[in-house]
Every structure is written in structure tokens, then in C-alpha cells.
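A.B. asks: generate coordinates for the sequence data below:
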Amino acid sequence: MRHFVGFLSGLILGPVLVLVCGWAFAHLRGLHAAGLGALQGSGPVAVAGLVGVGVLVALVAVPPRLTPMLPFGAALVLGALTALSLVRMPLLERLPQVPGAEGALVLLPLGVFVPLALVLFAPLFVGGRWRREPEGPSEEEVYFDGLYEEDDEEDRAPRAGAHSAPHSPRHRA
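C.D. replies: The predicted model follows:
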């Protein structure tokens, strides 16, 4: 079930990555046309959007316990949009205009998202991400197990040669 939910989340994450990158590109291109730098005007907001994309990709691609279907779904969308922009660009131009779509339509045929798609495709081949690691006992269970073991030892008669309890002195008077 976690793989299915991860795959659907990846299908949502892919267009979000494309649109945020397209939005940041449009802002930075406008700043460049006005003769301003990336740290002037609305440039820091666009750079923060790109940093957010990088952090999001790292959080999806790196953690070993995360299902590999999440980055695979995003990689599938990025690769499909790039291929579709090369083969049938008029089809993408008919999509509704949302913030970032104009910049994304410029970036997609350039192949900017292909390296990102490859990075997101790589976790699919990490074997440890396909199975869930068995979770050990929680701290509460370990604590209560220790209490029950002490009660069981107190109920039993001490055996000859058994060591003394940890709170009693080890030397003889």
C-alpha cells in the first residue's frame, strides 16, 4: 500500500517541480531583462523557490526508508513532459495557464529536467528501499519487559551459586 500511495504522490510531485522551476525561471528572466541581479527585486523569492525544489528532491531521493515509487512517479512525469514537449509541443501549449507554465514551456524542450528525472529514477534500483525494515520493540516495551523479569526473579527461590542482586554489596563483612 505504501508503494501505491508513494507512486500517486510522485505523480503529483512531478508537475509541482516543473511549475516551481518554471515560475522561478520566469522571475529570474524578467530580472535579467531589467538589468537586475538575482539578489535584487523579487530575485531572492525565486532563488528560495529553487532552493525549495532542491531540498524537496533531496528529501525524496535520499532517505532509505522511503518507498522508491515516490521519486519514480516524479521522474516518470518529468521524463514524460520533456518527451512530450519534444514530440507534441502544441499539446502542452493547450494546457491551462497557471503560474510557472510559461517558464516551464521554455525549459521543457531544452531538456533541463532530464538530469533531475535521472536523479529521481535512481532510487528505484536500491534494493533496501523496497522492503520495510522490521521495527524493534519500543522503549516502553523494553521498560515493562525489564519490570516483569525482575518480578519473576523475586518470586523464584534463590539458587545456590547465583549472583547477588545488583543493589546489594559484593563483599562480605
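A.B. asks: next up, the contacts around Pro64.
C.D. replies: 126, 128-129 (CB atoms under 8 Å, 6 or more residues apart in numbering). Where you see a C-beta, it was placed from the backbone N, CA and C, and this is true even at glycine.
A.B. asks: what's the answer for Val5, then?
C.D. replies: Here Val5 is in contact with Thr67 (CB under 8 Å, 6+ apart).
A.B. asks: where's it, which helix or strand?
C.D. replies: helix 2-33 (DSSP states H and E).
A.B. asks: could I have stretch 6-26 exported to CSV, CA atoms only?
C.D. replies: The C-alpha coordinates for stretch 6-26 follow below in CSV (Å, rounded to 0.1, in the frame of the first residue of the first chain):
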residue,chain,number,x,y,z
GLY,A,6,4.1,6.9,-2.9
PHE,A,7,3.5,6.5,-6.7
LEU,A,8,0.4,8.7,-6.6
SER,A,9,2.3,11.3,-4.5
GLY,A,10,5.1,11.2,-7.1
LEU,A,11,2.6,11.8,-9.9
ILE,A,12,1.6,15.0,-8.0
LEU,A,13,5.1,16.0,-7.1
GLY,A,14,6.4,15.9,-10.7
PRO,A,15,4.2,18.8,-12.1
VAL,A,16,4.8,20.8,-8.9
LEU,A,17,8.6,20.6,-9.5
VAL,A,18,8.1,21.6,-13.2
LEU,A,19,5.8,24.6,-12.3
VAL,A,20,8.0,25.9,-9.5
CYS,A,21,11.1,25.8,-11.7
GLY,A,22,9.2,27.5,-14.5
TRP,A,23,7.9,30.1,-12.1
ALA,A,24,11.4,30.8,-10.8
PHE,A,25,12.8,30.9,-14.3
ALA,A,26,10.2,33.4,-15.4
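A.B. asks: just the buried positions in it, please.
C.D. replies: 6-7, 9-11, 13-15, 17-26 (16 or more other CB atoms under 10 Å).
A.B. asks: quick one, phi psi at the nearest residue to Phe121 once chain neighbours are set aside?
C.D. replies: Distance criterion CB to CB, 6 or more residues apart in numbering; nearest residue to Phe121, sequence neighbours excluded, is Ala75 at 4.1 Å. The phi/psi pair for Ala75 (degrees, to the nearest 10) reads phi -60, psi -40.
A.B. asks: can you read off the pLDDT for Ala75?
C.D. replies: Note on Ala75: pLDDT of 94.
A.B. asks: quick one, what contacts it?
C.D. replies: Ala75 neighbours (CB under 8 Å, 6+ apart): 10, 14, 116-121.
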